[in-house]
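In: give me a model of this one.
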Amino acid sequence: MDNNNTVANIFNAPELKKRLLFLIGALAVFRIASAIPIPGINAEVLRQMFAQHENGILGFMNLFSGGALGRFSILALGIMPYINASIIMGLVRGAHIFPALDRMHKEGESGRRKENQITRIFALFLALLQGAMMTFAITKVEGAGGMSAVINPSVMFFITTVLTLAAGTMFVMWLGEQITEKGIGNGISLIIFAGIVERLPSAIMEVVNRVKTDEMDFFMALVILAAVAVITALVVWLETAQRQIPVQYAKRQVGNKMYGGQTSYLPLKIDQSGVIAVIFASSVISLPLTIASFNQEAPWAQTLMSYMNPSNIWYMLLFSGLIIFFCYFYNSMTVNPADLADNMKKWGGFIPGIRPGEPTKNYIEWVMNRLTFCGAIFVCAIAILPDFFRTKFGVDFYFGGTALLIVVGVALDTVGQIQAHLLARNYEPLMKGSKRIKGRWFNVGQ
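Out: Residues are numbered from 1 along each chain as shown. Reported below is the predicted structural model:
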């Protein structure tokens, strides 16, 4: 497909154009809702607190929420409770703790719907719990002159705020599902993508202004620009790189015809999980830090935030460990070497030099484990390297590889789905005016 005509083809495809317009409208609704603050909040106190910790973990979480946390908007919790619920459900199912979940998972589409419903209910419970902790924590925040972040911290304020935050999470969860069903791409990932992208123009303008006012050296700005370009190129390479395992199909005779004998490939991505592992790791690590950030005077909170600062080695090690874990976790949930080996054997395929059946399964598993390890290490390097450079060279604005991984990964996935829709549309005219007779297609049109 000619990439130069991709944009024109989008507007010539009514179904694809409808999906893109729905996506744009849904993201616009999300951005408008994320700007609506919770009633009774002193915005100036919050602004002072987030300005003081712009380059720390609080700034990272605010960036990840698209600024909703900094405004303490109705969507301040965002989609994180739903992501945490999905992670816990996956771990419980993978550990085979509840046999009923295992049976439900094997029931196909109906079982998947039941499992999703349980995940939603669990996400609501987590949203209420996290909302209660966050609301209690924000009542303890004080700004300059002893001003409180909450104008009137009454019981009614606590109840309405917790319910509002939980309702905001349910709304974002529903909106993400609608985008997945009626739009283009993964709705949850696109919502996180929109929140990050919204902050990028202001970050760029901040760098430009600091160069103009001589607060930042022009050479350092060029280094930052080059680093962004290199990391972006590495992310694109990582998300598209594959290991192709050759598969040979034996010849077999059906009636008077001979089938098979050709060679194909089993493609295995180096980074099979894409941005999912990064999103999961960020979600897990942000939960306790969100609570600690609103209790900064407490000794335990100060200790936790000092260790979990993005420039701290302990934060980098924990974040890297979570990414590696979720890369393996996601791959174990989505790729089943036993099924691949069985399907290959069923259709008469085999990997040259490897016997069909159990040896094939073991070989695919061996390759997958090594690919996953290499991909996870690469993702960890990209995620923490910008934070290392920021600490090393004193770049005092937030720039993280995590944001770039999510933005580039989601953009590549969305573009891939758009191209798939266009490719499917290009095949439709080939089938028009044709009729299938005894297993073969004949043109009966003009």
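
In: quick check: end-to-end length of stretch 283-303?
Out: Terminal residues of stretch 283-303 are spaced 20 Å apart (CA to CA, to the nearest Å).

In: quick one: average confidence on it?
Out: Stretch 283-303 comes out with an average pLDDT of 73.

In: cool, stretch 366-377 as well?
Out: For stretch 366-377, the per-residue pLDDT averages 89.

In: buried residues in that stretch?
Out: Residues of stretch 366-377 classed as buried by neighbour count (16 or more other CB atoms under 10 Å): 367, 368, 371, 372, 375, 376. Bear in mind the C-beta positions are built from the backbone N, C-alpha and C, glycine included.

In: ok, and what's touching that stretch?
Out: The contact list for stretch 366-377, computed with CB atoms under 8 Å, 6 or more residues apart in numbering, reads 238, 243, 245, 268-273, 277, 323-324, 327-328, 331, 335, 337.

In: so where's the stretch 101-250 of the chain uncertain?
Out: 143-146 (pLDDT under 70).

In: circling back to that earlier point, in the buried residues of stretch 366-377, find the pair that's most separated.
Out: 367 and 376 (14.8 Å; CB to CB).

In: what are the ranges of the strands in the chain?
Out: Listed in chain order, the strands of the chain (DSSP state E) span residues 242-249, 252-254, 257-259, 263-269, 349-350, 434-437, 440-443.

In: by how many degrees do the lengthiest helix in the chain and strand 263-269 diverge?
Out: The longest helix of the chain (DSSP state H) is helix 358-393. Helix 358-393 runs at 40 degrees relative to strand 263-269, counting by axes from the mean of the first three to the mean of the last three CA atoms, to 10 degrees.

In: what is the end-to-end distance of stretch 262-273?
Out: Across stretch 262-273, first to last residue, CA to CA, it's 30 Å.

In: swap in stretch 302-316?
Out: Where stretch 302-316 begins and where it ends lie 18 Å apart, using CA to CA.

In: what's the burial count for residue 337?
Out: Neighbourhood size, residue 337 [other CB atoms under 10 Å]: 18.

In: with residue 346 instead?
Out: Per other CB under 10 Å, the neighbour tally for residue 346 reads 9.

In: and if you look at residue 87?
Out: By other CB under 10 Å, 18 other residues sit near residue 87.

In: how about the nearest residue to it, chain neighbours excluded?
Out: Nearest residue to residue 87, sequence neighbours excluded (CB to CB, 6 or more residues apart in numbering): residue 280, at 5.6 Å.

In: and the gap between the one you found and residue 111?
Out: According to CB to CB, to the nearest Å, residue 280 stands 23 Å off from residue 111.

In: quick one, which of the two is more surrounded?
Out: With neighbours defined as other CB under 10 Å, residue 280 and residue 111 compare such that residue 280 has more, 23 against 15.

In: pretty sure the more buried one is touching residue 324, no?
Out: No. The criterion here is CB atoms under 8 Å, and residue 280 misses it with residue 324 at 11.5 Å.

In: any shared contact partners between these two?
Out: Applying CB under 8 Å, 6+ apart, one finds that no residue jointly contacts residue 280 and residue 324.

In: of the contacts of stretch 366-377, which belong to helices?
Out: Going by DSSP H, the helices hold 238, 277, 323, 324, 327, 328, 331, 337 from these.

In: contacts only, for the fourth one.
Out: Translated: residue 324. 373, 376, 377, 380.

In: let me have those in CSV, adding distance to residue 355 as columns.
Out: Converted to CSV, the contacts of residue 324 look like this (distance: CB to CB, whole Å):
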residue, distance to residue 355
373, 25
376, 30
377, 31
380, 36
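
In: domains of the protein?
Out: Domain assignment for the chain, taken from automatic domain parsing, gives 15-189, 199-423.

In: tell me who's in contact with residue 75.
Out: Residues in contact with residue 75 (CB under 8 Å, 6+ apart) are 30, 33, 34, 36, 65, 68, 168, 169, 171, 172.

In: next one: residue 29 from residue 289, what distance?
Out: The gap separating residue 29 from residue 289 is 28 Å, by CB to CB.
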